[in-house]
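**Student:** the following block contains a protein sequence and its predicted model.
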Amino acid sequence: ILTQQYTLRRAQKLGVRGWCMNTSQNTVKGEIEGHQHPFEAMRLWLKHTGSPTSRIDKCIFSEIQEHSEYTYVSFNIVM
């Protein structure tokens, strides 16, 4: 839960939208949307930094897709 709160705060600070959730395999998955610079900043934070208590063994992103409109209104934690 602590990792999720750090992720939520970082997403809000950067102004990106989307969601994240913990999986039963002890991984995290989600989607992020945003303008290029905030999107890239969030992607790099997820890949290299994360929360103070997280351990990042591997980070895989799918191919980036561009959309003309946002899909999400905000960034949310899915339980």
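**Tutor:** On my side now, so go ahead.
**Student:** any low-confidence regions in the chain?
**Tutor:** 1 (pLDDT under 70).
**Student:** redo that, cut-off 90
**Tutor:** 1-5, 22-23, 26-28, 51-56, 58, 66-67, 79 (pLDDT under 90).
**Student:** which SS class is the residue nearest the centre of the chain?
**Tutor:** By Cα atoms, centre = their mean, the mean C-alpha position of the chain lies nearest to Ile32, the distance being 5.5 Å. Classification of Ile32 using DSSP: H, G, I helix; E, B strand; the rest coil returns strand.
**Student:** ditto for the one 10 residues further on
**Tutor:** Met42 carries the three-state label helix when classified by three-state DSSP.
**Student:** then Arg55?
**Tutor:** coil.
**Student:** can you pull the contacts of it?
**Tutor:** Listed by Cβ atoms under 8 Å, 6 or more residues apart in numbering, the contact set of Arg55 is empty. Glycine gets a C-beta too; all of them are placed from N, C-alpha and C.
**Student:** equivalent analysis for Glu33, please.
**Tutor:** Counting by Cβ under 8 Å, 6+ apart, Glu33 makes contact with Val16, Arg17, Gly18, Phe39, His67, Tyr70, Thr71, Tyr72.
**Student:** one more time with 6 Å
**Tutor:** Contact analysis of Glu33 by Cβ atoms under 6 Å, 6 or more residues apart in numbering lists Arg17, Gly18, Tyr70, Tyr72.
**Student:** only the buried subset of these, as a PyMOL command please.
**Tutor:** Of the contacts of Glu33, the buried ones go into a single PyMOL selection, burial set by 16 or more other Cβ atoms under 10 Å:
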select buried, resi 17+18
